[in-house]
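Trainee: Compute the structure for the input listed below.
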Amino acid sequence: MGFSKLLEMEEQVEEIRRVDKQGRVVLPKRWRERYLRTDRVIVREEGDRLVIAPYRPPDLTKLFDSIEVELRSDLSDWKSVRRELLEAGRR
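Mentor: Prediction:
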């Protein structure tokens, strides 16, 4: 387990990891295999904690037929359409 120390608290598994000079942290392989579908994660502050969560792209099919949006984008340019749908979903 190297520099990490395994702690079990209330069914949660926590590991103490080192942060290198560039601010990098290596996530344990078993966590990456279990939780990560892509190479992207979300890092957020929650009070005095940093939380690392798997990035899950939004399911745009949930927006279909749920709202009316006038699109300015050309429908053949999916990136522009996607951007507009995401903006509309945030409103």
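Trainee: contacting residues around the residue nearest in space to the middle of the chain?
Mentor: With distances taken as C-alpha atoms, centre = their mean, the chain has Y55 as the residue nearest its mean C-alpha position (2.0 Å). The contact partners of Y55, by C-beta atoms under 8 Å, 6 or more residues apart in numbering, come to 38, 40-42. (Each C-beta comes from the backbone N, C-alpha and C, glycine too.)
Trainee: next structured bit after the helix or strand of the chain at the bottom of the mean pLDDT ranking?
Mentor: Comparing helices and strands within the chain by mean pLDDT, DSSP states H and E singles out strand 6-9 as the least confident, with a mean of 46. Per DSSP states H and E, strand 6-9 leads on to strand 12-15 as the next helix or strand towards the C-terminus.
Trainee: Paired strands for that next one, with orientation please.
Mentor: Strand partners for strand 12-15, identified by DSSP bridges, are recorded as strand 6-9 (antiparallel).
Trainee: how much space between the residue nearest to the centre of the chain and E46?
Mentor: Note on Y55: its distance to E46, by C-beta to C-beta, to the nearest Å, is 17 Å.
Trainee: Off-centre distance for the helix or strand where L85 lies?
Mentor: Secondary structure here is read from DSSP H and E; on that basis L85 sits in helix 78-90. Centroid displacement of helix 78-90 relative to its chain, using C-alpha atoms, centre = their mean, to the nearest Å, is 18 Å.
Trainee: Could you chop the chain up by domain?
Mentor: 6-54, 60-90 (automatic domain parsing).
Trainee: can you redo those domains as a markdown table with mean neighbour count?
Mentor: As requested, the domains of the chain are exported to a markdown table (neighbours: other C-beta atoms under 10 Å):
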| stretch | mean neighbour count |
| --- | --- |
| domain 6-54 | 10 |
| domain 60-90 | 11 |
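Trainee: Would you single out the least confident of those domains?
Mentor: The stretch with the lowest mean pLDDT among the domains of the chain is domain 60-90, which comes in at a mean of 80.
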